[in-house]
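What follows is a predicted structure for the sequence shown.
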Amino acid sequence: MNDHVDILLATYQGAHYLPEQLSSLVAQSYPHFHIWVRDDGSSDETLAQIDAFRCAHPERLTLLPSTGRLGVRGNFSALMQQAKASYVMFCDQDDVWLPHKVEVTLRRMKESEE
């Protein structure tokens, strides 16, 4: 299985949660994924944490520019417009993903297509 997966992460005031969440994403057993992030105007340390992670893992994460508040639906919609992979997974900023989440979820998506 070499299918590429785009992980869409919409953030807002998520500084408290992001270190653990981003660490869980980079620890995934399935290597063929990219994280797309769009922040919805946070005033806490959310953007600083995302930028630090992006600098440490530039091949893994793209931060979209924010042109104003869109709300949860609008934020994910903007991320969907950027997705390039055949498979997309939505990620909440306060989630912590188990190490095989991408691998297992992708396998199930492919099975349901058959």
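Structure's in. What do you need?

and the residue lying closest to Tyr12 once chain neighbours are set aside, what is it in contact with?
Of all residues not flanking Tyr12 in the chain, Asp40 sits nearest, at 4.2 Å (C-beta to C-beta, 6 or more residues apart in numbering). Any C-beta I mention is one placed from the backbone N, CA and C, and that applies to glycine too. By C-beta atoms under 8 Å, 6 or more residues apart in numbering, the residues touching Asp40 are 10-12, 66, 69-72, 74-75.

And the residues you listed, which is the shakiest by pLDDT?
Ranked by pLDDT, the contacts of Asp40 bottom out at Gly71 (76).

check contacts around it.
By C-beta under 8 Å, 6+ apart, Gly71 lies in contact with Asp40.

Sketch out the low-pLDDT regions of this structure for me.
Within the chain, the segments meeting pLDDT under 70 span 1.

just the helices in this structure please.
Ranges of helices in the chain, per DSSP state H, are 18-26, 46-56, 71-82, 101-113.

What about the residue nearest to Ala48 when sequence neighbours are not counted, how many residues nearby?
The shortest distance from Ala48 to any non-neighbouring residue, by C-beta to C-beta, 6+ apart, is to Ala15 (7.8 Å). The local packing of Ala15 (other C-beta atoms under 10 Å) involves 17 other residues.

Please apply the same query to Leu61.
Applying other C-beta under 10 Å, we find 21 residues neighbouring Leu61.

what bridges to it?
Leu61 has these beta-bridge partners by DSSP bridges: Ile35.
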